[in-house]
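Novice: I'll drop the sequence and a predicted model, then ask my questions.
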Amino acid sequence: MKGLWNATAVTEFILLGFPSNQRFQNFLFLIFLISYLLTVTGNLVIITVIRVDLHLHRPMYFFLSNFSFMQICYVTVTVPKLLIGFLVRINRISISACFSQCYFFFFLGGIENFLLAIMAYDRYVAICHPLRYNAIMTPKLCWSLTCGCWLGIFLGSLLPVIFLARLSFCGPNIINHYFCDVSPLLKLSCSDTSLLKSNFFSLMWVIVFSCLLFTLVSYINIICAIMKIPSTVGRQKVFSTCGSHLTVVIIYFGAVIFMYVRPKDSYAFEEDKLISVFYSILTPLLNPFIYCLRNKEVKDAVQKIIQARKFIPGLSTQYK
C-alpha cells in the first residue's frame, strides 16, 4: 500500500522557472515571446522558400526543411509553458503533461543530433564525391534517412520515459527549471533512480557523441578535400556550401556537451536553466538567421520571392 500511495501522492508539479520581481518577469515574458515568434516565423520562412523555389528542391534543402520543422516543434514544447509561468503566480503542470513534455523534448533533441549528422553526410558526398552525388543522394535515400531518423528516435525515446513515469513521487513537487527535464525529475523521485539515471544518460551520451563523431569525420574529409583545391577562391566557394551547417553544429554541440559532460557535483540547477535557454531557445532562434545570412542560395531565393510579391498580377511570371 505504501508504494501505491507514493505513486499517487504527487498529482502535479510546480515549475519554478525564473523567479524575480514582477517588472523583471514582464520583461522576460516579452523577450521570450519575441524570441519564440521570431524562431517560428524564421523557420516557417525557410520551409516556405524551399518549397516554393524549385532550385532548392535538392537533398541539402530537403534536410534543412526537416530541420526547420523540428526546430519549430522543439521550441513549442517548452516556450509556451515558460511564457505562462511569467503570467501566473504558480506555474502548475500535471504529471502526465510533465512526462509528455519531457518525452518530446528528449525525442526532438535526438532528432536534432541525427539531422545534423545526416546534413554533414550530405555535404561530405557533395564535396568529396561530386560526380556521384546524384547517384548516391537519391530521393529514396533521403526519405529513408529522414523517416528512419524520425521513427527510430520516436520509438527509442519511449522506453526511458516509460521507466521515468513509473517512478514514485511522494515528496516536494517543485521543479527548479522552466520545463520538465530529466535531471530535476530524478532528483524529486523517492524511488531508487541510480539505474535509470545511469541508463538514461548513457543513452543520451551515445546519441550525442555518435552523431558528433560522425559529423566530425565527415568534416575532416570535407576539409581535406577543400585543401586539395588549388585556388583560394575555389576553396572559399566550396566551403561556403557547408559554412552555415558547420556554424550550427559548433553552437549546438558546444552547448550540449557543456551541459551534460561536466562533473555532476560541480554545478547547480540554476546553471542548468541558463545553459538550457542557450541550446533550447537561443540556438533555434539563431538557426534561421544563420542559414539565411550565410547561405547565398537561400538568401537569393528569399530576395526573389520578395521582389515577386511586388508584382502580384504577374507573380508566377515574375518569379520564373
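Specialist: Arrived safely, thanks for sending.
Novice: List the buried residues of stretch 162-182.
Specialist: Buried residues in stretch 162-182, counted by 16 or more other C-beta atoms under 10 Å: 164, 167-170, 173, 175-182. For every residue, glycine as well, the C-beta is placed using N, CA and C.
Novice: So which of the residues you listed belong to helices?
Specialist: 164, 182 (DSSP state H).
Novice: Pick out the lowest-pLDDT one from the buried residues of stretch 162-182.
Specialist: pLDDT across these is lowest for Cys170, at 79.
Novice: now that one: how far from Val277?
Specialist: Distance, Cys170 to Val277, by C-beta to C-beta, to the nearest Å: 30 Å.
Novice: Give me the contact list for stretch 106-117.
Specialist: 63, 66-67, 70-71, 73-74, 77, 146, 149-150, 152-154, 156-157, 160-161, 182, 204, 207-208, 211-212, 214-215, 218, 245, 248-249, 252-253, 256 (C-beta atoms under 8 Å, 6 or more residues apart in numbering).
Novice: so where's the chain uncertain?
Specialist: Residues of the chain meeting the criterion pLDDT under 70: 1-9, 234, 259-271, 293-294, 309-320.
Novice: Would you map the helices across it?
Specialist: 2-9, 22-52, 59-87, 95-128, 133-136, 139-156, 158-165, 182-188, 194-227, 232-260, 269-277, 283-294, 296-308, 315-319.
Novice: name the helices or strands packed onto the third one?
Specialist: Okay, so that is helix 59-87. helix 22-52, strand 91-94, helix 95-128, helix 139-156, helix 283-294 (3 or more C-beta pairs under 8 Å, 6 or more residues apart in numbering; DSSP states H and E).
Novice: Distance to Lys273 added to those, as CSV?
Specialist: Converted to CSV, the helices and strands packed on helix 59-87 look like this (distance: least, C-beta to C-beta, whole Å):
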stretch, distance to Lys273
helix 22-52, 12
strand 91-94, 14
helix 95-128, 14
helix 139-156, 25
helix 283-294, 15
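Novice: Nearest to Thr193, out of the ones you listed?
Specialist: Among those, helix 95-128 comes nearest to Thr193, with 13.8 Å by C-beta to C-beta.
Novice: That closest one relative to helix 139-156, how many degrees between them?
Specialist: 150 degrees (axes from the mean of the first three to the mean of the last three C-alpha atoms, to 10 degrees).
Novice: Could you shift the numbering so residue one becomes 507, and keep it that way?
Specialist: Let's use 507 as the start, then, which means that last one is helix 601-634.
Novice: between helix 601-634 and helix 738-766, how many degrees?
Specialist: 160 degrees.
Novice: Can you list the buried residues in helix 601-634?
Specialist: 601, 604-633.
Novice: JSON lines please, covering the helices of the chain and showing distance to Leu521.
Specialist: Shown next, in JSON lines, are the helices of the chain (distance: least, C-beta to C-beta, whole Å):
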{"stretch": "helix 508-515", "distance to Leu521": "19"}
{"stretch": "helix 528-558", "distance to Leu521": "14"}
{"stretch": "helix 565-593", "distance to Leu521": "6"}
{"stretch": "helix 601-634", "distance to Leu521": "9"}
{"stretch": "helix 639-642", "distance to Leu521": "46"}
{"stretch": "helix 645-662", "distance to Leu521": "25"}
{"stretch": "helix 664-671", "distance to Leu521": "17"}
{"stretch": "helix 688-694", "distance to Leu521": "9"}
{"stretch": "helix 700-733", "distance to Leu521": "20"}
{"stretch": "helix 738-766", "distance to Leu521": "19"}
{"stretch": "helix 775-783", "distance to Leu521": "11"}
{"stretch": "helix 789-800", "distance to Leu521": "20"}
{"stretch": "helix 802-814", "distance to Leu521": "36"}
{"stretch": "helix 821-825", "distance to Leu521": "46"}
